[in-house]
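Undergrad: need a 3D model of the following:
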Amino acid sequence: MSYVVSIVRYSETDSSHSRAISPSEWLEFIESDESLEAGEISTAGSPPARWAAHPQQRQVWFSFHQDGTIQTTSPDDATLKKTIDIARSLGARVRGEQGEFLDASTSSPKGCVLSVLAMGLILSTFGLCIA
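TA: Next up is the predicted model:
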């Protein structure tokens, strides 16, 4: 099972409305970060970026989406740290696919996934939901 994390930018006053990262802003960032290599231009108008400096030489891609978010899939601890660094540089945050925000104190994405899934199971057992 894969888990997607997104780099998203939210307004200071309303965390439910995102301020999109522009394709040109993403491209400028890729060009400024020596550890990222641009891929082929996507349909979203901006290239994905391969992180060429992963400590275990994993193939890690960051993909830009038309909604102004940047995503990566199944991050390990090193990739999560890099994702958080990118987000900070872009004035954004990292959000898991369950809506939770991840930061430097998140020790393991897998642990986070399990916690979120377990919490969802507990809440659904009692007929509760998270909005």
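Undergrad: which residue ranges of this structure form strands?
TA: Secondary structure of the chain by DSSP state E: the strands cover 4-8, 36-38, 49-51, 60-64, 70-73, 93-96, 101-102.
Undergrad: as a markdown table, the ones you listed with distance to residue 85 and mean pLDDT would be great.
TA: Glycine gets a C-beta too; all of them are placed from N, C-alpha and C. Shown next, in a markdown table, are the strands of the chain (distance: least, C-beta to C-beta, whole Å; pLDDT from 0 to 100):
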| stretch | distance to residue 85 | mean pLDDT |
| --- | --- | --- |
| strand 4-8 | 10 | 95 |
| strand 36-38 | 11 | 95 |
| strand 49-51 | 10 | 96 |
| strand 60-64 | 11 | 95 |
| strand 70-73 | 12 | 95 |
| strand 93-96 | 10 | 94 |
| strand 101-102 | 12 | 91 |
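Undergrad: give me the helix or strand of the chain that scores worst on average pLDDT.
TA: Ranked by mean pLDDT, DSSP states H and E, the weakest helix or strand in the chain is helix 109-125, scoring a mean of 45.
Undergrad: grab the nearest non-local neighbour of residue 73.
TA: Of all residues not flanking residue 73 in the chain, residue 2 sits nearest, at 4.9 Å (C-beta to C-beta, 6 or more residues apart in numbering).
Undergrad: now for that neighbour, how many residues are close by?
TA: 8 (other C-beta atoms under 10 Å).
Undergrad: next one: the one 3 residues further on
TA: Residue 5 has 26 neighbours, counted by other C-beta under 10 Å.
Undergrad: wait, what's in contact with it?
TA: Residues counted as contacts of residue 5 (C-beta atoms under 8 Å, 6 or more residues apart in numbering) are 71, 72, 73, 75, 80, 83, 94, 95, 96, 97, 102, 109.
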